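*Asks:* sequence and predicted structure below; questions after.
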Amino acid sequence: MPADRRYSIRVRWLSTMFACAAWAQTLDLPKTIQQGRTLRIRGPVGAVAARMGDRTVRLFPQAEGGSFGLMPVPVGQKPGDYAVELLDGPGAAMATATARVVDAHFPKQNVVIERSLAELKPSPGESETTGAFRESVSDVRFWSEPLALPVHGCMTSPFGVQRFLNGKATGDFHGGIDQRSAAGTPIHAVEGGVVKIVREWNLHGRTIGIDHGQVRYCDSSGSQQAYRADRILNATGRVPVVTDLGLEDAGVDFSAIGIPITDRGRTNVPGIWACGDVTGRRMLAHVAMREGIVAVDNMFGRPSRIRYEAMPAVIYTHPEVASAGRTEQELTDAGVAYRKTVVPMGVAGRFLIENEPATGILKLLTGAQYGEILGVHAVGDLSSEFVVVACALIETELPAPQAAEIVFPHPTVAEALREAIRRTGEG
């Protein structure tokens, strides 16, 4: 064989060997990945994205060289072999490797709910909005490694329980991060790394997103609009802060909705008590005060208990809204038979004089058998001033016929409650 021919073959063989070695280092990823997990993809500096099926994610330059990104594998991904491609800037494939998705064998949890709830349907566009949000992949890196601990007030939970409602699969798999954390704060991810919640939205209101100082909303015509501001006040309620308290080490049961306690303030661990918003029950100042008194009383051997059904709640608007006890829905769900009496707030002369031409109503719920007062709900100014009377009646379990014997001063707005009690007692 001529020398130039042998040289040409040797060059081609060496070129092929170097190309294979370079190819092997181009795309680094696990050979197998479970459903619902995250595929860690490493590539060279020139790789800016990775594609697996119809999902594409960004790859980010690393300080030590090369690029790195996370490819989420949906819980419903069908087991099998999938091609993973590295993409350059123009979107051309630089390298391809195969990842095998294996069945995670998720456990199942059946949730039994009322038929009325099971038959509820999502509002138009709600499922599509939720699905699009879950499928979106950010172009900005909001995660970092190594793994950081959850921030204060954030909960995590094990991944992989398939939800069933009344025996029917929902397609939802519980687990991961508490998405109620504040926008922009880092939280513990399901699969390593740290992520940030960067968007929040309300499917049932007109606000559809809060993103980097910009509020996105729908106007009256249904068109999406945006408004920028230096500060955004977002009042969406409260959640208990139960992290970083050492509860795990002490063996105290808790969850994202609070620390369960008895009506004596006790937790599941003898000698450990809880009161206030951490219980997740009624996050109101006066309720927290009562919980604290009950807990301390029982600590020192003085029997005391809290009746949450007797706790008042007030909305300080105009007109005021005040309530104590249970609602009709709560009584129905609990299977408690009840009677309802509704009177206009105008039956109290003082209310008419001070609130003309305003109106209001008061609803009284009593037990069908014994007439005990179960709930009082009022809409009208000064209702916050007499709702404590309703609390006392509920706390003492005084039946309506006996409560009707109580003399109310005249003229007072509280006479509306007296009139409702009188009508119930005579019924």
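*Replies:* Nice, thanks for sending it over.

*Asks:* rest of the way, CA atoms for contacts and neighbours
*Replies:* Fine.

*Asks:* residues contacting Gln62?
*Replies:* Residues in contact with Gln62, defined by C-alpha atoms under 8 Å, 6 or more residues apart in numbering, are Phe68.

*Asks:* and it, how far from Val45?
*Replies:* Separation of Gln62 from Val45 (C-alpha to C-alpha, to the nearest Å) stands at 8 Å.

*Asks:* mind showing which ranges of the stretch 1-150 of the chain have poor pLDDT?
*Replies:* 1-26, 107-124, 126-127, 130-131, 133-138, 141-150 (pLDDT under 70).

*Asks:* then the stretch 251-400 of the chain?
*Replies:* Checking the stretch 251-400 of the chain against pLDDT under 70 turns up 256, 358.

*Asks:* show me where it has strands.
*Replies:* 312-315, 321-325, 338-344, 361-367, 373-379 (DSSP state E, counting those that start in this stretch).

*Asks:* what does the last one rub up against?
*Replies:* Spelled out, that is strand 373-379. 319-327, 360-367, 387, 390, 393-394, 397-400.

*Asks:* got the angle for it vs strand 361-367?
*Replies:* 170 degrees (axes from the mean of the first three to the mean of the last three C-alpha atoms, to 10 degrees).

*Asks:* next, the angle from strand 373-379 to strand 321-325.
*Replies:* 170 degrees.

*Asks:* hmm, back to that, deepest of the strands of the stretch 251-400 of the chain, which one?
*Replies:* strand 373-379 (a mean of 27; mean count of other C-alpha atoms under 10 Å).

*Asks:* tell me, how many residues neighbour His286?
*Replies:* 14 (other C-alpha atoms under 10 Å).

*Asks:* how far away is it from Cys275?
*Replies:* For His286 relative to Cys275 (C-alpha to C-alpha), the value is 11 Å.

*Asks:* okay, and the common contacts of the two?
*Replies:* Shared contacts of His286 and Cys275 (C-alpha under 8 Å, 6+ apart): none.

*Asks:* who's in contact with Thr359?
*Replies:* 344-346, 352, 380.

*Asks:* out of the residues you listed, who's the most crowded?
*Replies:* Met345 (28 neighbours).

*Asks:* hang on, isn't it packed against Phe351?
*Replies:* Yes: using C-alpha atoms under 8 Å, Met345 is in contact with Phe351, at 6.7 Å.

*Asks:* what's the domain layout of the protein?
*Replies:* 25-102, 108-198, 247-306, 309-426 (automatic domain parsing).

*Asks:* could I get the ones you listed as CSV with distance to Pro240?
*Replies:* Converted to CSV, these look like this (distance: least, C-alpha to C-alpha, whole Å):
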stretch, distance to Pro240
domain 25-102, 28
domain 108-198, 7
domain 247-306, 5
domain 309-426, 18
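
*Asks:* Val239 is nearest to which of those domains?
*Replies:* domain 247-306 (6.7 Å; C-alpha to C-alpha).

*Asks:* for stretch 257-276, give me every contacting residue.
*Replies:* 239-242, 250-254, 277-281, 283-285, 287-289, 291-292, 294-295, 298-299, 304-307.

*Asks:* list only buried entries from the residues you listed.
*Replies:* 239-242, 252, 254, 277-281, 283, 287-288, 291-292, 294-295, 298-299, 304-306 (16 or more other C-alpha atoms under 10 Å).

*Asks:* where's Ala104, which helix or strand?
*Replies:* For Ala104, there is no helix or strand it lies in under DSSP states H and E.

*Asks:* is it true that it touches Gln34?
*Replies:* Yes: Ala104 lies in contact with Gln34 (C-alpha under 8 Å); the separation is 5.4 Å.

*Asks:* residues near the nearest residue to Leu398 once chain neighbours are set aside, how many?
*Replies:* Among residues not flanking Leu398 along the chain, Glu372 sits closest, at 5.8 Å (C-alpha to C-alpha, 6 or more residues apart in numbering). Each residue near Glu372 was counted by other C-alpha under 10 Å, and the total is 21.

*Asks:* run a quick check on Glu372 versus Glu397, I expect a contact.
*Replies:* Yes: contact criterion C-alpha under 8 Å: Glu372 and Glu397 qualify, at 5.8 Å.

*Asks:* follow-up on the earlier one: any idea which of the contacts of Thr359 is closest to Thr129?
*Replies:* Gly380 (38.4 Å).

*Asks:* quick one: that closest one from Glu419, how far?
*Replies:* Gly380 is 15 Å from Glu419, by C-alpha to C-alpha.

*Asks:* can you check Lys340 too?
*Replies:* Distance from Lys340 to Glu419, by C-alpha to C-alpha: 13 Å.

*Asks:* also Glu64?
*Replies:* On the measure of C-alpha to C-alpha, Glu64 and Glu419 end up 78 Å apart.

*Asks:* Leu352 too?
*Replies:* In terms of C-alpha to C-alpha, Leu352 sits 15 Å off from Glu419.

*Asks:* who does Arg266 bridge with?
*Replies:* Trp273 (DSSP bridges).

*Asks:* in CSV, list the strands of the stretch 251-400 of the chain along with distance to Ile41.
*Replies:* Listed next are these as CSV, based on distance: least, C-alpha to C-alpha, whole Å:
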stretch, distance to Ile41
strand 312-315, 52
strand 321-325, 56
strand 338-344, 61
strand 361-367, 61
strand 373-379, 58
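
*Asks:* for Leu27, find the nearest of the ones you listed.
*Replies:* strand 312-315 (59.2 Å).

*Asks:* what helices and strands are in contact with the closest one?
*Replies:* Judged by 3 or more C-alpha pairs under 8 Å, 6 or more residues apart in numbering; DSSP states H and E, strand 312-315 is in contact with strand 321-325, helix 383-396.

*Asks:* what lies in contact with it?
*Replies:* 284, 320-325, 384, 387-388, 391.

*Asks:* recalculate using a threshold of 7 Å.
*Replies:* 321-324, 384, 387-388, 391 (C-alpha atoms under 7 Å, 6 or more residues apart in numbering).

*Asks:* ok, it: who's next to it in the sheet?
*Replies:* By DSSP bridges, strand 312-315 pairs with strand 321-325 (antiparallel).
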